[in-house]
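K.L.:
No sequence on hand, only this structure:
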């Protein structure tokens, strides 16, 4: 949006920081402005949508920290859609085309997205501090359900707080006939509101982040071992689980301690906070200065730079996740290739091994059944042999090299099987078994 033309000197500029004049009306300025805004907003909208999708559709990505990152992504989407896209039409036409309702609604959504992003950054900073510096407490405090409740509370509080902007902006018509959406209140009324907003949603999150990340760094980088025994146990369980998974999948395990994993996540979130501070500093500083000086500084190119920094802050977070987080990088790659992400389905090797196991069960069962039938037939044959050669004594077994103990063992095993119920023979099987028994008896007589 643009400033109120009738009271630009008395009130600070709005989020979109638009200005009128010869420079902003030039073709060069419009071309550069539209190109930068569309490029940054396009990348940011696609990236933040991917963040939301990978966390919602991937089971192992649903962690308390990632819940706050989803809230941050939705807030950034709100800023890009509500502040970036209307600014494109404003730069092309030079006038406000969304009417009075659009002026109120778009301003409300702009500040809603900005304030929710600040609160989300503070929330995941506190969550990281508890998880690393107080791991015992984190087991009950840092949970997904609690993170969802905190996020819901942040959005409700910010939605109510930002309703104040419905009474601060309105449509204004300038002397040249251009319609603009800007502030309708004087500086004396607006300045306290802006200073409160500046302190709550910019200064306070940065101070909290500086203190907590300093404490986190002391624990991670100055402590050689995890500060609590449960961290070691967690590391041991993870290493055992990784070893078992590596043995099952046939790949070599790459042990990674919990401390190094926490360092990686903490570095990524610290970069998010640092970029939030740096990219919002030009706009915050400009508005703070313009709130006290009599003639606000409204250079068109500098305003374009401030506006681009705001949009870049909302667009760069997915790039940071992809560059600094292996899990997000893998999830983005899986989402890009239109495949189900890890955790929602088995890997192809596991599926093939499962199919092979199912296929092999039937032949194994058939082989076992055939072996059992052959064993029973052998036992029946040995029984018939004993009946036909009842006159033979144990010397036959001695001549054939069979020890007395082995003979008793084999006989006992056979008798034990014969005492059980036998399956009835088929009609033609009786004669066949008798012939086999007779042949066996003849061979035995020849050997003796």
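P.N.:
Thanks, I have the structure now. None of these values were measured; they are calculated from a predicted model.
K.L.:
And for residue 117, the neighbour number?
P.N.:
Neighbourhood size, residue 117 [other CB atoms under 10 Å]: 27. The way it works is simple: take the backbone N, C-alpha and C, and place the C-beta from them, glycine included.
K.L.:
Assign a three-state SS to it, would you?
P.N.:
helix (DSSP: H, G, I helix; E, B strand; the rest coil).
K.L.:
Isn't it up against residue 79?
P.N.:
Yes - here residue 117 reaches residue 79: they are 7.1 Å apart, a contact under CB atoms under 8 Å.
K.L.:
which neighbours do those two share?
P.N.:
residue 314 (CB atoms under 8 Å, 6 or more residues apart in numbering).
K.L.:
if you skip the residues just before and after it, what's nearest to residue 216?
P.N.:
Among residues not flanking residue 216 along the chain, residue 132 sits closest, at 5.2 Å (CB to CB, 6 or more residues apart in numbering).
K.L.:
before we move on, which element is that neighbour in?
P.N.:
helix 99-133 (DSSP states H and E).
K.L.:
Buried residues of that helix, list them for me.
P.N.:
Neighbour-count burial for helix 99-133, counted by 16 or more other CB atoms under 10 Å, picks out 103-104, 106-133.
K.L.:
Report the secondary structure state of the closest residue to residue 61 other than its chain neighbours.
P.N.:
Using CB to CB, 6+ apart and skipping residues adjacent in sequence, the residue nearest residue 61 is residue 55, 4.9 Å away. Assigned with three-state DSSP, residue 55 falls in the helix class.
K.L.:
Just the pLDDT for residue 55.
P.N.:
What the model reports for residue 55 is a pLDDT of 93.
K.L.:
begin at 30 from here
P.N.:
Will do, 30 is the new start, and the previous item becomes residue 84.
K.L.:
quick one, what contacts it?
P.N.:
90-91, 95-96, 98-99.
K.L.:
quick one: contacts for the residue nearest to residue 245?
P.N.:
Contacts of residue 161 by CB under 8 Å, 6+ apart are 245, 248-249, 291, 295.
K.L.:
What pLDDT is listed against it?
P.N.:
So residue 161 comes in at 91 (pLDDT).
K.L.:
re the thing from before, can you give me the distance of the residue nearest to residue 90 to residue 93?
P.N.:
Separation of residue 84 from residue 93 (CB to CB, to the nearest Å) stands at 11 Å.
K.L.:
Same check on residue 185?
P.N.:
For residue 185, the distance to residue 93 - CB to CB - is 19 Å.
K.L.:
Looking at the two, which is more packed in?
P.N.:
Neighbours were counted for residue 185 and for residue 93 using other CB under 10 Å; residue 93 has more, 24 against 10.
K.L.:
I'd assumed residue 152 was in contact with residue 175.
P.N.:
No - if you go by CB under 8 Å, residue 175 and residue 152 don't touch, sitting 10.6 Å apart.
K.L.:
where in this protein is pLDDT low?
P.N.:
30-53, 252-288, 367-477 (pLDDT under 70).
K.L.:
Strands along this protein, start to end?
P.N.:
198-202, 208-212 (DSSP state E).
K.L.:
who does the first one pair up with?
P.N.:
Translated: strand 198-202. strand 208-212 (antiparallel) (DSSP bridges).
K.L.:
What angle do helix 128-162 and the strand it pairs with make with each other?
P.N.:
Interaxial angle, strand 208-212 versus helix 128-162 (axes from the mean of the first three to the mean of the last three CA atoms, to 10 degrees): 40 degrees.
K.L.:
With the flanking residues excluded, which residue is spatially nearest to residue 54?
P.N.:
That would be residue 123: by CB to CB, 6+ apart, it lies 6.4 Å from residue 54.
K.L.:
how close does residue 204 sit to residue 124?
P.N.:
Applying CB to CB to residue 204 and residue 124 gives a distance of 13 Å.
K.L.:
what does residue 135 give?
P.N.:
Separation of residue 135 from residue 124 (CB to CB): 15 Å.
K.L.:
count of neighbours near residue 104?
P.N.:
Close neighbours of residue 104, defined as other CB under 10 Å, add up to 25.
K.L.:
so what's it up against?
P.N.:
141-143, 145-146, 149, 343.
K.L.:
and what of residue 175?
P.N.:
Contacts of residue 175 were listed using CB under 8 Å, 6+ apart, and they are residue 93.
K.L.:
list the contacts for residue 228?
P.N.:
With CB under 8 Å, 6+ apart, residue 228 has no contacts at all.
K.L.:
Equivalent analysis for the one 3 residues further on, please.
P.N.:
With contact set as CB under 8 Å, 6+ apart, residue 231 has these partners: 147, 309, 313.
K.L.:
go with 10 Å
P.N.:
143-144, 147, 305-306, 309-310, 312-313, 317 (CB atoms under 10 Å, 6 or more residues apart in numbering).
K.L.:
Show me which of those is closest to residue 357.
P.N.:
residue 305 (18.1 Å; CB to CB).
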